[in-house]
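**Q** turn this into a structure:
(3 chains)
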Amino acid sequence: MRRSVVALARRALVNALRRPQFLAPLVLFPSLFLAINVGGLGATRQLEGFPVVDGFLDYQLAAAMVQSLLIGGVTAGIAAALDIEGGFFDRLVASPTPRIAIVLGRVLAASVIAFFQVVYFLVLGLVFGASIKGGVLGVACVLAIGVVAGTGFGAIGVLIALRARNASTVQGIFPLVFVVLFISSAFFPLDLLSAPADTIARYNPLSFIAEGLRQPIAFSNKAGPVIEGLLAAAGIAAVSIGLSLLALRGRLRRA
Amino acid sequence: MRRGLNEILRVPAGALPGVIAPTIFMLGLAAVFGKAASLDEYQGVSFLAFILPVGMLQGAGFTGAATGVNLARDIERGWFDRMLLAPTPRPVLLAGFVASASLRALLPASFLLIVALALGVGWPGLLELSIAALLVMGLAAAMACYATLVALRFRTQQAAPLMQIGSFIAVLFTTAYAPRELLSGWLGAIADVNPVTHVLEGVRQGFVGDVTWAQTWPALLSVTALVLVLGALAVRGMRRQGL
Amino acid sequence: MDGIDLSVAPGEVYGFLGPNGAGKTTTVRMLVTLLLPTGGYARVAGYDVATQPGQVRRRIGVALQEAALDPLMTGSELIELQATLHGIAPRSVRERGSQLMERVGLSRAAGRRVGTYSGGMRRRLDLAMALIHEPQILFLDEPTTGLDPTSRLTLWDEVRRLRDDGTTVFLTTQYLEEADQLCDRLGIIADGRIVADGTPASLKAEIGLPHLDLVLADGSDLQAARELITRFGDDRPSTEGCHLSIALQHGAADIAPILRALDDANFVVAELELKQPTLDDVFLDKTGEHLEGADEPEVAVTEPV
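**A** Below is the predicted model of the structure:
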């Protein structure tokens, strides 16, 4: 079983690398958005209620990471949907591969990609003058939350692929990524959000994930936010993997 | 051009993404960064009013890019070759694409306007709206030329992201989210040389204050220049393809 | 599906013959555990497909109609992935993979991405992947559709070789010639039901005897000729102009005596044709319609191998 998961994950990764037009939006778009936010809205640090940070970039890095990880989830979903459309999925189902491995393979690939996404933004931040307050331990925390979150988002992508009819439907989910991100405290402090984001963001797991990522970068290695972030990410991962497995079973029963 | 309009009439659902995306962006940004407008430099204007023009221009840019994507698709399918066999002069052919993009760009712009008005943004006045409409159409035309250029160069729908990113960068690397004084060094420098900044300010003026000639003519000049330059390049692109 | 009852013996090549939409692919999908049967049951390789799918999957090899391959991967990568998924030991994966690629003639193309393969090559890779774990039963869904005649014959040879090695082969096809030449037994399926079942020969014999069609030289005495050959076949021979048609009770063995008799009586035979009942005749008889595509392979879209 383990071998199957690894083999399928490796295949998913190789595929991703061979389809650069999928990888580009993964980091390119969030980077652009990051640049514009930092360049244009840096002055908001002066607002009352904005926490003290060394730089607006330090604050925004976490948002870029979450955005990138969410796009990663959609991408994993599109790839899975293409497998289903193209019949490769059938091949896997007709083989003795354990059903779980079919889902976990792609989810594991998402985890690996997530790792590199987080590393990319950490390096990008450092290059442009940000610093990671929490040091090496901080980096470890950020990577941990990022990878778990990326895993969860990947599983959501697979879930949608299993329920949708085709890849274009999954692609249509793209705008939703921005919607859920805008109603969280990823980009801006919770207390400074306007309606309707302010109320919803309080309960949005993305807020916790973003704050968990942000804490070691912009502030310090305080356990509270980091643990909350990790738990939120783990919660999403657990639920979405579970639902994916259910969706897989459901799909196998249907024509 | 008729074909372009036909497309929008036949496939109203196809026009949706071009309308939905800028709307989500506009509302989302306002919900997140709304409080930024309490900074003095915004001069009391609400954040939503401030970024409404950005949304309108994004919609225009997206519409222009979509024209290019459709052209690329037509090229891929061989339909474009058939059009070229007709005796229509190339500039007229281009003018057709571009004109249809311009008109279609008014759709997302109007929708955004209605949403913004519903959410409390003040009515800018007819003159102001006319100028804004003109500029929106102009930018859409310019973006359509750019996208056409890309389509002719790459001849595949896979070039779509390139078209969209071009429009995205053009509209956002400006005084999109904040007044000039608040932009950090590098972004300010880019905004200064980006002609779309003028266009943006031209559209924005009615929503943040009064329309002045001083702010209008740079906008008109910029948009005209963009259309002419990109249009000429596009026509040259068509000629170069042996068309 | 309307109700299918069939059984396939080990080591035989069983063919499912029918037009598009008859239910061939649906049946195959049920048998390979991709689809749950809505009623009844199916046992493949001794295991129930609904309750013991894992066991079934271990023993079957599947090559479906759309060669479900990943265009971005190379042939070797795909076949090695398949080997791993079927539990072949890590050490043997590469060796087995290259063995199989060689067997289907894809060794040179193994390092290239599947997206660059022709249709025939993809089909062959599909077959290699289906065989990687030496399955007891091989399911082939329309294996030669779209292939050029040479590739078709090559594939037929491979199927025969597999059968001789003891593999059971279940294939679906819309080609009469394929069913006739390749299959030990056939099931003819139309509208979700099996309308005939048996060996190709027995099915054809059910329909009727072979006929010998003769055209005599102009001016021959047809009446006399007719009386002469009635000895050989008691079926009423038909006459049209100078044509004679006689049913052959003993098949082709009757031809020589008939010709000798005609020759002895100084009749001159201008043309002669032996008409066998075809599976299309069987199909026509059972369903009232011709099997679509009965005149290919010449007409089919062919692809280079």
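**Q** point out where the stretch 151-300 of chain C drops to low pLDDT.
**A** C:233-241, C:251, C:292-300 (pLDDT under 70).
**Q** where do the strands sit along it?
**A** When assigned using DSSP state E, counting those that start in this stretch, the strands of the stretch 151-300 of chain C occupy the ranges C:168-173, C:185-190, C:193-198, C:211-216, C:238-240, C:243-247, C:269-275.
**Q** closest to A:F29 out of those?
**A** Closest to A:F29 of these, according to C-beta to C-beta: strand C:168-173, at 46.6 Å. Placement of C-beta: from N, CA and C, glycine included.
**Q** and chain C, what are its domain boundaries?
**A** The record's domain split for chain C, according to automatic domain parsing, is C:13-204, C:209-276.
**Q** and the longest one, end to end?
**A** One end of domain C:13-204 to the other measures 18 Å (C-alpha to C-alpha, to the nearest Å).
**Q** ditto for stretch C:106-117
**A** Distance between the two ends of stretch C:106-117: 10 Å, counting by C-alpha to C-alpha.
**Q** please see if the lowest-mean-pLDDT helix or strand in chain A touches chain C.
**A** Least confident helix or strand of chain A, by mean pLDDT, DSSP states H and E, is helix A:167-171 with a mean of 81. No - contact check for helix A:167-171 against chain C, using C-beta under 8 Å from any C-beta of the partner chain: none in range, with a minimum separation of 14.2 Å.
**Q** ok, and what's touching whatever helix or strand comes next after that helix?
**A** Per DSSP states H and E, helix A:167-171 leads on to helix A:174-182 as the next helix or strand towards the C-terminus. Identification of contacts with helix A:174-182 by C-beta atoms under 8 Å, 6 or more residues apart in numbering or on different chains yields A:63, A:66-67, A:70-71, A:73-74, A:187, A:197, A:204, A:206, B:17, B:20-21, B:24-25, B:27-29, B:31-32.
**Q** buried subset of the residues you listed?
**A** Burial by neighbour count, judged by 16 or more other C-beta atoms under 10 Å in any protein chain shown, picks out A:63, A:66-67, A:70-71, A:73-74, A:187, A:197, A:204, A:206, B:21, B:24-25, B:27-29, B:31-32 from the contacts of helix A:174-182.
**Q** tell me where the stretch 1-150 of chain C has helices.
**A** Counting by DSSP state H, counting those that start in this stretch, the stretch 1-150 of chain C has helices at residues C:24-31, C:53-59, C:75-85, C:90-103, C:119-131, C:149-164.
**Q** just the angle for the fourth one relative to helix C:75-85, thanks.
**A** If I follow you right, that is helix C:90-103. The directions of helix C:90-103 and helix C:75-85 differ by 130 degrees, with axes from the mean of the first three to the mean of the last three C-alpha atoms, to 10 degrees as the criterion.
**Q** give me the helices and strands touching helix C:90-103, please.
**A** For helix C:90-103, the helices and strands in contact under the criterion 3 or more C-beta pairs under 8 Å, 6 or more residues apart in numbering or on different chains; DSSP states H and E are helix C:75-85, helix C:119-131.
**Q** the residue lying closest to C:L214 once chain neighbours are set aside pairs with what?
**A** Taking C-beta to C-beta, 6 or more residues apart in numbering or on different chains, and ignoring the residues beside it in sequence, C:L214 has C:L244 as its nearest neighbour in space, at 4.3 Å. Partner residues in beta bridges with C:L244, using DSSP bridges, are C:L214, C:T239.
**Q** pretty sure C:L244 is touching C:L228, no?
**A** No - C:L244 is not in contact with C:L228 according to C-beta atoms under 8 Å; the separation is 9.7 Å.
**Q** higher neighbour count, those two?
**A** Neighbours of C:L244 and C:L228, each counted by other C-beta atoms under 10 Å in any protein chain shown, are more numerous for C:L244; the result is 25 against 17.
**Q** for the more buried one, list the residues it contacts.
**A** The neighbours of C:L244, taking C-beta under 8 Å, 6+ apart as the test, are C:213-216, C:222, C:225-226, C:229, C:237-238.
**Q** separation between it and C:I258?
**A** Distance of C:L244 to C:I258, given as C-beta to C-beta, to the nearest Å: 10 Å.
**Q** joint contacts of these two?
**A** Contact criterion C-beta under 8 Å, 6+ apart; residues shared by C:L244 and C:I258: C:I229.
**Q** which one of the contacts of C:L244 sits closest to chain B?
**A** When the contacts of C:L244 are compared for distance to chain B (C-beta to the nearest C-beta), C:D213 comes out closest, at 50.3 Å.
**Q** residues contacting that closest one?
**A** Taking C-beta under 8 Å, 6+ apart as the test, what C:D213 contacts is C:243-245, C:271-275.
**Q** one more time with 10 Å, if that's ok
**A** With contact taken as C-beta atoms under 10 Å, 6 or more residues apart in numbering or on different chains, C:D213 is in contact with C:238, C:243-246, C:271-275.
**Q** circling back to that earlier point, need the residues touching each of C:L244 and C:L228.
**A** Contacts common to C:L244 and C:L228, judged by C-beta under 10 Å, 6+ apart, are C:258, C:262, C:267.
**Q** reformat those residues as a markdown table; add distance to B:V196 and neighbour count.
**A** Conversion of the shared contacts of C:L244 and C:L228 to a markdown table gives the following (distance: C-beta to C-beta, whole Å; neighbours: other C-beta atoms under 10 Å in any protein chain shown):
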| residue | distance to B:V196 | neighbour count |
| --- | --- | --- |
| C:I258 | 93 | 21 |
| C:L262 | 96 | 19 |
| C:F267 | 97 | 20 |
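**Q** can you list these in TSV and add distance to A:V112?
**A** Converted to TSV, the shared contacts of C:L244 and C:L228 look like this (distance: C-beta to C-beta, whole Å):
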residue	distance to A:V112
C:I258	78
C:L262	82
C:F267	85
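**Q** spatially central residue for the chain, please.
**A** Going with chain A. Nearest to the centroid of the C-alpha atoms of chain A, with distances taken as C-alpha atoms, centre = their mean, sits A:L69, at 2.4 Å.
**Q** look at chain C instead
**A** When chain C is reduced to its mean C-alpha position, the nearest residue by C-alpha atoms, centre = their mean turns out to be C:A179, at 2.6 Å.
**Q** who's in contact with it?
**A** When contacts are taken as C-beta under 10 Å, 6+ apart, C:A179 is in contact with C:13, C:15-18, C:171-173, C:185-188, C:200, C:203, C:279, C:282, C:291.
**Q** go on, C:T278?
**A** Each residue near C:T278 by C-beta under 10 Å, 6+ apart is listed here: C:176-177, C:180, C:200, C:204, C:207, C:284, C:291, C:294.
**Q** out of these, who's the most crowded?
**A** Each of these was scored by neighbour count (other C-beta under 10 Å); the top score is that of C:L291, with 24 neighbours.
**Q** I'd say that one and C:D285 touch.
**A** No - between C:L291 and C:D285 there is no contact under C-beta atoms under 10 Å: 11.4 Å.
**Q** need the strands for chain B, in chain order.
**A** Listed in chain order, the strands of chain B (DSSP state E) amount to none at all.
**Q** enumerate the residues of it near chain C.
**A** In this structure, chain B does not approach chain C anywhere, judged by C-beta under 10 Å from any C-beta of the partner chain.
**Q** can you pull out the helices in chain B?
**A** For chain B, the helices identified by DSSP state H occupy B:2-10, B:12-33, B:47-77, B:79-85, B:90-118, B:126-154, B:160-172, B:185-193, B:195-208, B:213-240, in order along the chain.
**Q** make a markdown table out of those and add mean pLDDT and distance to A:V180.
**A** As requested, these are arranged in a markdown table below (pLDDT from 0 to 100; distance: least, C-beta to C-beta, whole Å):
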| stretch | mean pLDDT | distance to A:V180 |
| --- | --- | --- |
| helix B:2-10 | 52 | 30 |
| helix B:12-33 | 79 | 10 |
| helix B:47-77 | 88 | 20 |
| helix B:79-85 | 72 | 39 |
| helix B:90-118 | 87 | 20 |
| helix B:126-154 | 89 | 29 |
| helix B:160-172 | 85 | 20 |
| helix B:185-193 | 90 | 27 |
| helix B:195-208 | 88 | 28 |
| helix B:213-240 | 85 | 35 |
